[in-house]
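Asker: For reference, the sequence and a predicted model appear below.
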Amino acid sequence: MGQNLEREIKTIRIMVEMFCKHHHGRGELCEGCKKLFDYAQDRIRKCTFGVNKPVCADCTVHCFKPDMRSQIKEVMRFAGPRMTFKHPVLAAHHLFRKFSA
């Protein structure tokens, strides 16, 4: 698997952890957040675009089920702005990929 996909999985994991810690007050992922991360990780690994995968927001194929898609959007809306301060390198990589596509 490509480095971009691994970085994207790492970014999603961190975002879900940030969301879960803030909303569910746990040191580790609750069952619902773990299920969401596992699902997102599986979707990233099975992406039909492979190593040329675009960022999900710009993708023409939406592979998430509607309920999972709304959950991951909620996580991204919460954690996205905070990534700039807590994980600036990952945030910069994401923005670079988004705007270089």
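Answerer: That came through, no problem. Not measured: the values here are computed from a predicted model.

Asker: quick one: what helix or strand has the residue most central in space within the chain in it?
Answerer: The centroid of the chain falls nearest to I12 when counting by CA atoms, centre = their mean (2.8 Å). For I12, the element it lies in under DSSP states H and E is helix 3-24.

Asker: Please verify my assumption that the residue nearest to the centre of the chain contacts R43.
Answerer: No. In this structure, I12 is not within contact of R43 by CB atoms under 8 Å, at 9.6 Å. Heads up, the C-betas are built off the backbone N, CA and C, glycines and all.

Asker: Could you list the low-pLDDT ranges of this structure?
Answerer: Applying pLDDT under 70 to the chain flags the ranges 1, 94-101.

Asker: Which stretches in it count as helices?
Answerer: 3-24, 31-45, 66-86, 88-100 (DSSP state H).

Asker: which residues sit against the first one?
Answerer: The set of residues external to helix 3-24 that reach it, using CB atoms under 8 Å, 6 or more residues apart in numbering, is 26-27, 29-30, 33, 36-37, 40-41, 44-45, 47, 51, 53, 55, 72, 74-76, 78-80, 82-83, 86-87, 90, 93-94, 97.

Asker: The nearest residue to V75 once chain neighbours are set aside: how many residues sit nearby?
Answerer: Leaving aside its chain neighbours, V75 sits nearest to F19 (4.5 Å; criterion: CB to CB, 6 or more residues apart in numbering). For F19, the neighbour count with other CB atoms under 10 Å is 23.

Asker: What of L5?
Answerer: Number of residues near L5 (other CB under 10 Å) recorded here: 18.

Asker: Could you tell me which residues make contact with C33?
Answerer: By CB under 8 Å, 6+ apart, the contact set of C33 is 16-17, 19-20, 24.

Asker: Let's see that with 10 Å instead.
Answerer: Applying CB atoms under 10 Å, 6 or more residues apart in numbering, we find C33 in contact with 16-17, 19-21, 23-24, 26, 71, 75.
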